[in-house]
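Visitor: I would like to see how this sequence folds:
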Amino acid sequence: MSSWFSGGASFLRRSVVNPLITSIAEKASPKRAQRGLWGGKKINFGNNVSDSGRKTRKRWSPNIQTKRLWSDCFDTMLRLKVSTFVLRCIDKKGGLDNYLAETPDKKLDSKLGSFLKEQVLEQRRRMTLGQELLPPPSMSDIAEKERRAAKHAAWQEAHRFDK
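Guide: Predicted coordinates for the structure are as follows:
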């Protein structure tokens, strides 16, 4: 059984996100940025110019780190790919949940960020009303990993040389 949150691309295939938010986020940043919190940072391009004046193309990637961040709403650690800019913003806002709740979707700039924001706001609403809380997110989708392992084993069996 797949959990409601699982890191990586399998999460994006299963999630249902507002199409308007999705279209805005996809136009603004690369696909990889949709699976993390980059805070609007993008890959920049330009030229290296040598002493002789020769220009060679160069790209500057944002500083992306895989970090485990504490979520007060879910009382658990979430493993996310975040830019160092977003890490500083999280510190400034006082935690991951505050950052997600207070940052507009346009600045979150990702499907994952928009989805987590919806979940945090729903969890906070449930806490204030005294309703049953959402389960904490699972950081590994065991069923998905087992399915991939079985598929890989079947492929290996079909492509054996000693048959």
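Visitor: and the residue most central in space within the chain, what is it in contact with?
Guide: In the chain, the C-alpha closest to the average C-alpha coordinate belongs to G36, at a distance of 2.6 Å (Cα atoms, centre = their mean). Applying Cβ atoms under 8 Å, 6 or more residues apart in numbering, one finds that G36 lies in contact with 64, 80-83, 110, 112. Glycine gets a C-beta too; all of them are placed from N, C-alpha and C.
Visitor: Return the distance of the lengthiest helix in the chain from the chain's centre.
Guide: Using DSSP state H to define each element, the chain has its longest helix at helix 111-129. How far helix 111-129 lies from its chain's middle: 15 Å, per Cα atoms, centre = their mean, to the nearest Å.
Visitor: Helices of this structure, start to end?
Guide: Here the chain has its helices, by DSSP H, at 9-14, 19-28, 84-93, 96-102, 105-108, 111-129, 142-158.
Visitor: can you tell me which of these comes nearest to F45?
Guide: Among those, helix 19-28 comes nearest to F45, with 16.1 Å by Cβ to Cβ.
Visitor: So which of the contacts of G36 is surrounded by the most neighbours?
Guide: With neighbours defined as other Cβ atoms under 10 Å, the most crowded of the contacts of G36 is S110; it has 27 neighbours.
Visitor: Which residue comes closest to that one once chain neighbours are left out?
Guide: Q34 (5.0 Å; Cβ to Cβ, 6 or more residues apart in numbering).
Visitor: Does the one you found touch L112 like I think?
Guide: Yes: counting by Cβ atoms under 8 Å, Q34 does reach L112; the two are 6.5 Å apart.
Visitor: follow-up on the earlier one: if I look at the residue nearest to S110, how far off is G46?
Guide: Going from Q34 to G46 by Cβ to Cβ, to the nearest Å gives 24 Å.
Visitor: Over to H152?
Guide: Distance from H152 to G46, counting by Cβ to Cβ: 40 Å.
Visitor: From E102, how far off is G53?
Guide: 48 Å.
Visitor: Between the two, which has more neighbouring residues?
Guide: Comparing G53 with E102 by other Cβ under 10 Å, the one with more neighbours is E102, at 12 against 6.
Visitor: Can you tell me the closest non-neighbouring residue to that one?
Guide: Nearest residue to E102, sequence neighbours excluded (Cβ to Cβ, 6+ apart): K93, at 5.9 Å.
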